[in-house]
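**Student:** got a sequence here, can you build the structure:
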Amino acid sequence: MDFNINQLLNSLSYTLDFVEKDLIQNVTNHGRRVAYIAARIGRKINMADTDLFDLISYSLLHDNGVTKSLVQSQESGNYIKAELNRLHCVEGERNIAYFPFFHNIPNVILYHHEHYDGSGFFGVSGQDIPAFSRIIALADFIAIAFSEGESAEEILLSVKDSTYFDLEYCKVFYALSRNVEFWLNMNDNFVFGALNSIMPSVQREFSYKDMRMVSRIFSNIIDAKSPFTGSHSRGISKKTGILCQYYGFDEEIYWKMRIAADLHDLGKLMVPNDILDKPGTLGREEIMVIRSHPFYTRKTLEGMAGFEEIAEWASNHHEKLDGHGYPFGLDGSRLDFNSRLLGCVDIYQALTENRPYRKAMSHEKAITLMRTMVKNNLIDGSIVEDINSVFHALPVNV
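**Tutor:** Down below sits the predicted model:
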């Protein structure tokens, strides 16, 4: 079917803003602000619509590797230090390998912190740095300075005194910066609308199998948020796929379910890590924050045309048959089979992986606990028995 990739990107990039807020309080709308600045530069140099779409896409996704960088570098809670760590460039480049750009340009994300004078992470200089990387590097610098409260004059002076940036793109920025609207549109209240007004409307024919290329990117970002969820979404997606084949689902439903599994914990990007990784007992307010994550998953996905069922299945994974699940309190009469299926797989995956408060359970112990949940009218017994039959002989890391 036709998918509006702009709509998809905007919806999913919304979640990245919450990652930034969790990491450093005064960084908001960073990805959108970088995309806006880059898009203004691209429009000013008369970039073709397909190239402009790609530039905006790369800009929105330029920091997609930051969560993994924070975990690996142990710089938890410091966004700026993560920005200054080359790991997020490497991870970000790996994540976007399958994104449906019009023109897939190698190393745009990898080199988005390279300096024109060759003093960046990888020592690449001048025109050897991809043009998109040079634009994003300049936009990223401007966006961070703006977020830190620097004035237009201070930012202009910093850019003029620096050897980090391509002089030709700097000249374009100088021309744009003369208009007060350029700066006003970077404010949090306006940047979303300003970016939308520039972004070319891109409607392209994709299958749900194609769309999973995008959901996998965000699955990796979700799993990278915490060292204790390093393969949670991927594990659920694989196991969901196995069960979908077991049940004989058609290809479209199979891929919709894989996407729903990839994105079921999308809302956890809105949950602060000090709550998500807390080893002790959570307080009442902390529990409420944790229980909000499926709500945010639904709100992020439900506005995307073609994702209606995906949003339903993904956001219902903590609902229970007795109506005492969360966040909506749906009971068995309102939970379709695929919602029940994803909920059961989520429980099984969680029980059989390490968590900050306990070790992973064996298959047998997990099934025993899930059968108790069946007796208490929480989850679907037929699905639990199918999970027992199908997953009993699976390797531990599937």
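**Student:** how many residues are close by the residue lying closest to residue 184 once chain neighbours are set aside?
**Tutor:** Setting aside the residues directly before and after it, residue 184 is nearest to residue 190 in space (CB to CB, 6 or more residues apart in numbering), at 6.4 Å. C-beta here means a position set from N, CA and C on the backbone, and glycine is covered the same way. Using other CB atoms under 10 Å, residue 190 is surrounded by 14 other residues.
**Student:** surely residue 190 and residue 183 touch.
**Tutor:** No: using CB atoms under 8 Å as the test, residue 190 is too far from residue 183 to be in contact (10.2 Å).
**Student:** distance of the residue lying closest to residue 268 once chain neighbours are set aside relative to residue 61?
**Tutor:** Nearest non-adjacent residue to residue 268, counting by CB to CB, 6+ apart: residue 293, 4.8 Å away. Separation of residue 293 from residue 61 (CB to CB, to the nearest Å): 22 Å.
**Student:** likewise for residue 178?
**Tutor:** Computed as CB to CB, the residue 178 to residue 61 distance reads 30 Å.
**Student:** just want to know which of those two has more residues nearby.
**Tutor:** Between residue 178 and residue 61, residue 61 has the larger neighbour count (other CB under 10 Å), namely 25 against 9.
**Student:** in this protein, what secondary structure element scores lowest on mean pLDDT?
**Tutor:** Least confident helix or strand of the chain, by mean pLDDT, DSSP states H and E, is helix 79-83 with a mean of 54.
**Student:** strands of this protein, residue ranges please.
**Tutor:** 2-4, 203-205 (DSSP state E).
**Student:** check the residue nearest to residue 184 and give its pLDDT.
**Tutor:** At residue 190, the model reports a pLDDT of 96.
**Student:** so what's the backbone phi/psi at it?
**Tutor:** With angles defined as degrees, to the nearest 10, residue 190 sits at phi -120, psi -20.
**Student:** ok, back up a step: any idea which of the strands of the chain is most buried?
**Tutor:** Compared across those, strand 2-4 shows the largest average neighbour count, a mean of 16 (mean count of other CB atoms under 10 Å).
**Student:** same for that one, what does it pack against?
**Tutor:** The elements that strand 2-4 packs onto, with contact taken as 3 or more CB pairs under 8 Å, 6 or more residues apart in numbering; DSSP states H and E, are strand 203-205.
**Student:** same for the strand it packs on, what does it pack against?
**Tutor:** strand 2-4.
**Student:** OK, contacts around the closest residue in space to residue 381 that isn't next to it in sequence?
**Tutor:** What sits nearest to residue 381 in space, not counting adjacent residues and going by CB to CB, 6+ apart, is residue 374, at 4.0 Å. Listed by CB atoms under 8 Å, 6 or more residues apart in numbering, the contact partners of residue 374 are 380-381, 384.
**Student:** confidence score at residue 374?
**Tutor:** For residue 374, the predicted pLDDT is 98.
**Student:** grab the most central residue of the chain for me.
**Tutor:** Residue closest to the mean C-alpha point of the chain, counted by CA atoms, centre = their mean, is residue 218 at 3.7 Å.
**Student:** wait, it sits on residue 265?
**Tutor:** No: between residue 218 and residue 265 there is no contact under CB under 8 Å: 9.7 Å.
**Student:** could you list the low-pLDDT ranges of the stretch 201-350 of the chain?
**Tutor:** Of all residues in the stretch 201-350 of the chain, those with pLDDT under 70 make up the ranges 227-230.
**Student:** residue 283 versus the residue nearest to the centre of the chain, what's the distance?
**Tutor:** 29 Å.
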